[in-house]
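Peer 1: turn this into a structure:
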Amino acid sequence: MKLYIRYSYNFKEHHLKEILSARDDVDLVDNVESAEVILGGISREEFKRAKNLKWIQATGAGVDGLLFQELIESDVILTNASGVHPIPIAEHTFALILAITRGLIKSFEGKSKRAWLHNEVFIDELYGKTIGIIGYGRIGQGIARLAKGFGMRVIGLKRDTNKDVEVKPDILLGKDSLDTLLKESDVVVIIVPLTRETYHLIGERELKLMKSTSILINVARGKVVDENALIKALKEKWILGAGLDVFETEPLPPESELWNLDNVVITPHIAGLNPYYTERLLEIFIKNLKAYPDVSKMVNVVDKRLGY
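Peer 2: Below you'll find the predicted structure:
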């Protein structure tokens, strides 16, 4: 089996040894043209040249960048790295929420100005409030676990409500009940993949359904939210604030109005980063490598037409 690895994650020698010891027929190659298996991404042009390709193991949970038509229509297996991110993204989500509810935006402004802004800081509590999680998969449930620790009521929104969930929400809604979640939640967290269905899932209509005291958190993909509508909502105070790790254009352009809004927390697409990424990714890949080509025993197999 010819395996091509993109060295995006700085694999060390011991990582490569783990891969090579997973099965005795692995042969590392240095080009996509001869590869049967790729660990990492691939461009559309590379895919057209990769005539021997049978399986791609993506290094992220989101695979929207790989879903060009040629791959969707092919028999190539696509697996993602779902399972790497629940802990860091859940923690980052609450960092964004708490930055707003505990007055950190104004406090950091005061620090930069050497100003004691005691009477200007907005403070609120999470205890007893409702968090609505749009996308109640592994990461969504990781967020719910922390939310319960804060004493919050949890509403989860999931495409398939018949699938068992490990962290039980107070209410589990189907995908057609988004409006209910938006109306009831004090904090709305977006953690869905970017697909044709989820592009601009949150627009002007949806933002107007939210409470004027609510917070929107996006740790999924920037294009799930209509950014122009969000800027309008934040400027006109339809909602209290937003915590954003992802944007429609990345890096966020210097001219974006989001930079100047005092009710927005911005981080540069870092929610999923963690010091254990490589080890968690390899655990998934090696499990799949041992099972391949039996797709029924592989984990995180993507439905290429659904996009996740």
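Peer 1: mean confidence score for stretch 250-259?
Peer 2: Stretch 250-259 carries an average pLDDT of 98.
Peer 1: same deal with stretch 124-134?
Peer 2: Averaged over stretch 124-134, pLDDT sits at 98.
Peer 1: could you do stretch 300-307 as well?
Peer 2: Average pLDDT, stretch 300-307: 95.
Peer 1: residues of that stretch that come out buried?
Peer 2: Neighbour-count burial for stretch 300-307, counted by 16 or more other C-beta atoms under 10 Å, picks out 300, 302, 304, 307. All C-beta spots, glycine's among them, are computed from the backbone N, C-alpha and C.
Peer 1: filter these down to the ones in strands?
Peer 2: Assignment to strands by DSSP state E places none of the buried residues of stretch 300-307 there.
Peer 1: for those residues, which one is nearest residue 41?
Peer 2: residue 302 (13.3 Å; C-beta to C-beta).
Peer 1: for the stretch 1-150 of the chain, which segments count as helices?
Peer 2: For the stretch 1-150 of the chain, the helices defined by DSSP state H, counting those that start in this stretch occupy 13-20, 44-49, 69-72, 86-101, 104-113, 138-149.
Peer 1: out of the buried residues of stretch 300-307, which sit inside helices?
Peer 2: Secondary structure defined by DSSP state H assigns none of the buried residues of stretch 300-307 to helices.
Peer 1: would a markdown table of these with distance to residue 157 be doable?
Peer 2: Converted to a markdown table, the buried residues of stretch 300-307 look like this (distance: C-beta to C-beta, whole Å):
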| residue | distance to residue 157 |
| --- | --- |
| 300 | 21 |
| 302 | 20 |
| 304 | 23 |
| 307 | 17 |
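Peer 1: for those residues, which one is nearest residue 68?
Peer 2: For these, the minimum distance to residue 68 (C-beta to C-beta) is 10.2 Å, reached by residue 304.
Peer 1: so who does the closest one touch?
Peer 2: Applying C-beta atoms under 8 Å, 6 or more residues apart in numbering, we find residue 304 in contact with 67, 71, 72, 78.
Peer 1: so which of the residues you listed wins on neighbours?
Peer 2: In terms of neighbours by other C-beta atoms under 10 Å, the contacts of residue 304 top out with residue 67 at 21 neighbours.
Peer 1: once you drop chain neighbours, what's closest to it?
Peer 2: Counting by C-beta to C-beta, 6 or more residues apart in numbering, residue 67 lies nearest to residue 307, which is 5.9 Å off, once chain neighbours are set aside.
Peer 1: and that neighbour, what does it touch?
Peer 2: Going by C-beta under 8 Å, 6+ apart, residue 307 touches 63, 64, 67, 193, 194, 195, 196, 197.
Peer 1: separation between the residue nearest the centre of the chain and residue 213?
Peer 2: Closest residue to the average C-alpha location of the chain: residue 220 at 3.6 Å, with C-alpha atoms, centre = their mean. In this view, residue 220 and residue 213 are 23 Å apart by C-beta to C-beta, to the nearest Å.
Peer 1: re earlier: can you redo the helices of the stretch 1-150 of the chain as CSV with mean pLDDT and distance to residue 251?
Peer 2: Putting these into CSV (pLDDT from 0 to 100; distance: least, C-beta to C-beta, whole Å) gives the following:
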stretch, mean pLDDT, distance to residue 251
helix 13-20, 94, 29
helix 44-49, 97, 23
helix 69-72, 97, 27
helix 86-101, 98, 18
helix 104-113, 96, 20
helix 138-149, 98, 23
